[in-house]
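Q: when you get a sec, could you give me coordinates for this:
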Amino acid sequence: MKTGSIFNPRSVLDLTYKITAMDAFQNFLFAGDEKGNIYRYNLTLESVNVLAPNSIQQQQFTKAKIDQIKIFPHANANLLVLSDQTLYCIEAATLRGEVINKEKVVIFALNEFSKSNQLELVMITKKKEGYIMQYNLKTGRFEQMREKFILSDIPITVAFIGNLFFFGIQKKNYSVINLDDKQLQVANLLMDIGSNPFLKATDNDEILIITTNNVGIFIGKDGQMKQKSTILIQNKPISLITTFKQYLIVIFDNLLQVFNLSDSKHMSDIQLSQAARCITQTSSHLFYGSAAEIIYLYQTPAEQQISELLKNGRVEDALQVYSQNNQAADPSKNQQLEQLKLDCGWSLVRQMQFSNSLNYIVQTNFDPRDFICLFPDYYPAPEKLQSVNPNPSLQTISLIINKFVQESRGDPTRIQELKFQAKEFLVEILEKKRAVLTSPQYAYSMKDKINLLTTTLNFNQNQWQPISCDQLLELIDFALIKLYLESSQYFPKLKAFFTSNQIYCIQMYNQLQGLIQNNRGIEQQQGILAKFYESFNKIDQSLEIWKKVGRESIHLQEQQEACEETTRILKQNPEKNRIFKFIVWVFKKQFKVGVQIFQISDQIITPDQMLKFLEEQELDSELKRKLKEKYLEILVLEKQTDEERFHTQLAYSYIDSLFQQYPKEMDFSKIDLRKNQVVSDQYQALKRYLKNPNAKYNSSSILEKKVKDSWMINEVILLYGREKKHEEALNQLLSLGFYEWAEKYCCDYTDNLLTKLFKKYKELYFYLEGKQKERPTDQQAQNAFNQIKITINSFLKKFATHSQLNVLEVLDLIPDNWILSDQSEDDGLFQFLKSVISHTLHQKRSTKAAYQLSQVDLLYVQCQVATTKQSNIRMTSEKKCSVCSKTIGEKVFVVYPNSVLAHHTCIKSNTICPQTGRDFEKYFKF
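A: Model (predicted):
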């Protein structure tokens, strides 16, 4: 038997005759020979011999050979026997019978999937005539149903299902006749008949047709191809085809092929010792007859098939056998399939197919100890595995590989290659298991014992003690670190492992430290060593290595990494002395990276401690200033400290930095900040900060100590406004001739500043007028006087109706000698008076209209109150509560203004109607 075969041939009866035909049903098997004899055997299906040799019964019908035997199940299991072109109907019990039809019959077919009341057959005679016969249960005879039909030639193969009769004529074509058709017309199928024509009904709506090159095609009763794969049969003459359970069985001369009917896959080949002449089956047993014996095709149990297939690495076939034999719903099916997939993975490990093995194993909840114990070098001690066996590693991967190479007669030089592949396989297995155990999706509790699946094919056949998740992760981490250390190609993985994972083998630090320090490859990868120390909570050792890398490395990328890692570690492990010890070199190398340390909590390092630390360091003065400024920015703008002194210090820092570029006493008109981007950015930062409404700086201190009498005019005016020193702000703006700026400043505040500004305009007007009269030839004085006139004229037109301008006070301030003219639209005084009068009249009318409307509203509300007070309700014994719908009776009740009644005990509020929800207290409030 071929390994993994579905059937196992076993001889059950030696024959003394030459068998030519055979059929079986329930407990009987019938055989025919070359001399026209019929033999009946009792089947003892539970017996080892299957056929009972002493139960034989024999009857001779003709002197010619028996061509065909077919049991007719619905007709009391009687037999249809074809011999010497004569078709007989024979009683199974007595082996006596009679001729069905006097015509010479060449071939016949039963309706294989007919209903119980359709006892039909089609027979084809030597005259190429077809007869449709039906068995009459009352008379026990076959009767012709309809008129005969004529064929073009005698078919070589036939099949009869339902109302369709299929047939194939050698070297011509396959055809079909619909027996329900009155004309019984023949329809040709568009399929090549090939050199080995064969038809076989596989169910009540499907027939297999063998075409060119022995390709099997499934078609339905509608003549259309089924949506399933074709069957590729060995291209040689076919002797017999039958179906058994979910299998299609094809017999050649000395070969039996088995296919799966569901997916057309070839399952196995069985070499026959003698050529098969006939084949038959019961519902659970399969027989074929050869020249000298009857052979029972014993179906190998699915478990045995799977076991044999796994031993030879045929995992897909093993899964298919399982699927075919586990169609029914079973609560344990998923668990069984998971176990089988794990066994498939181990089967492929035996075949050194590590990559394919991984695909199956990762689909299961496998126990990684099964794999770790194959590699004794990668676990710390046997007791850590918690095995029931005293020695969990009797079989190592080295022994297994050596045995495989020896048995397969492979090249001994391949041993090292296979060992390397095995290690890669172990790495992937452990990585994937670790990902599952640490995934939030599965939410394993570290201390809880976990249930894991162990293969039945394990080389060491270990039995494991229950193990907790953290103990299992300890084993995995230790093994992975050792594996990563063995090859420089794993160094990126080792670095990523230390970077992104919590390490669970902390207790094995001493064992691993020696390995990693003595590894020559790590000498060139100091970053890995630093991350190793960090992962095992040796923080200062890690920081020392990063400090060394950052200072000594000539590669900018390594310097950048050292700075970033140092800052990250200090932020994750904040301790004042440690930060002060290791952050300074980062400040010098990477300012932008180092200042991230300022994000740490003020409870660890107070602002005063940090500022003092920065001040005491031997740093470049510009770097020291930038560090202090950045710290103050984070403290004030991000941490939002409430202490005023730090807010003020930040403003001082901005201003001092700008004064270093442009001294305080410079003329503002000679400064162009756009020429220097750094200075421009610094100035913009100052402006944003001073305008920040949440800033708590001392504006008076900044004014007096820093920006007063400097080129920072904008900041001076802003700070005057913040201090409510509007007089000083306006005086400075007017002294500089910034009239529009002064007007805008007044509009930004709500202190009636436009009126004050007009007073100052008037004073400035008389002052400049006097100057112009004193020096009538001075063009500068004349221009200044003309400018103030234009400004006042524009001011009166622009702000005549502004809310911040007191019109009456301005009218009192206008000098009597100012000329009023209505001839020019540009006359500000005229436009001012015109706008004021119009606006005042409009306000008066609006106020009077509002008063009248309010009076109407008042009268309406008073009317509503009076009307409501006049409302009444008539009480009767039938009045019901609007809440509980019960009669009011003698209970205390409440009446609302909208005549709604309710028991006092049913309501929630005396003022809110329980029916409409109206709140009368708010409604009548005025």
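Q: does Leu151 touch Val186 like I think?
A: Yes - contact criterion Cβ atoms under 8 Å: Leu151 and Val186 qualify, at 7.2 Å. Yep, even glycine has a C-beta here, placed from its N, CA and C like the rest.
Q: immediately after the helix or strand of the chain with the lowest mean pLDDT, which helix or strand?
A: Taking mean pLDDT, DSSP states H and E as the measure, the helices and strands of the chain show their lowest mean at strand 50-60, namely a mean of 75. Using DSSP states H and E, the helix or strand that follows strand 50-60 in sequence is strand 66-72.
Q: packing partners for that next one?
A: strand 19-25, strand 28-33, strand 37-44, strand 78-83, strand 105-110 (3 or more Cβ pairs under 8 Å, 6 or more residues apart in numbering; DSSP states H and E).
Q: in this structure, where is pLDDT below threshold?
A: 1-4, 45-49, 52-54, 114-118, 327-328, 458-460, 819-829, 925-926 (pLDDT under 70).
Q: biggest helix in it by residues?
A: Longest helix in the chain by number of residues (criterion: DSSP state H): helix 828-870.
Q: can you tell me the strand partners of the helix or strand just after it and which way each runs?
A: The helix or strand immediately downstream of helix 828-870 is strand 893-895, counting by DSSP H and E. Its sheet considered, strand 893-895 pairs with strand 901-903 (antiparallel) by DSSP bridges.
Q: residues contacting the partner strand, please?
A: The contact list for strand 901-903, computed with Cβ atoms under 8 Å, 6 or more residues apart in numbering, reads 873, 879-884, 886, 888, 891-896, 914.
Q: hmm, try it at 10 Å
A: Residues outside strand 901-903 that contact it (Cβ atoms under 10 Å, 6 or more residues apart in numbering): 873, 875, 879-884, 886-889, 891-896, 908, 913-915.
Q: ok, now stretch 510-518?
A: Residues outside stretch 510-518 that contact it (Cβ under 10 Å, 6+ apart) are 380-381, 477-478, 481-482, 484-486, 494, 503, 505-506, 522-523, 528-529, 532-533, 535-536, 538, 541.
Q: picking up where we left off before, between the least confident helix or strand of the chain and strand 37-44, how big is the angle?
A: With axes from the mean of the first three to the mean of the last three Cα atoms, to 10 degrees applied, the angle from strand 50-60 to strand 37-44 works out at 160 degrees.
Q: leaving out the residues flanking it, which one is nearest to Val105?
A: Leu87 (4.4 Å; Cβ to Cβ, 6 or more residues apart in numbering).
Q: can you tell me the SS state at the one you found?
A: Following DSSP: H, G, I helix; E, B strand; the rest coil, we place Leu87 in the strand state.
Q: before we move on, what about Lys588?
A: Three-state call for Lys588 (three-state DSSP): helix.
Q: okay, now it: neighbour count?
A: When counting by other Cβ atoms under 10 Å, one arrives at 16 neighbours for Lys588.
Q: can you tell me which residues contact the residue lying closest to Lys708 once chain neighbours are set aside?
A: Among residues not flanking Lys708 along the chain, Val716 sits closest, at 6.3 Å (Cβ to Cβ, 6+ apart). Val716 is in contact with Ile702, Leu703, Lys706, Val707, Lys708, Asp709, Ser710, Glu728, Ala729, Gln732, Leu733, counting by Cβ under 10 Å, 6+ apart.
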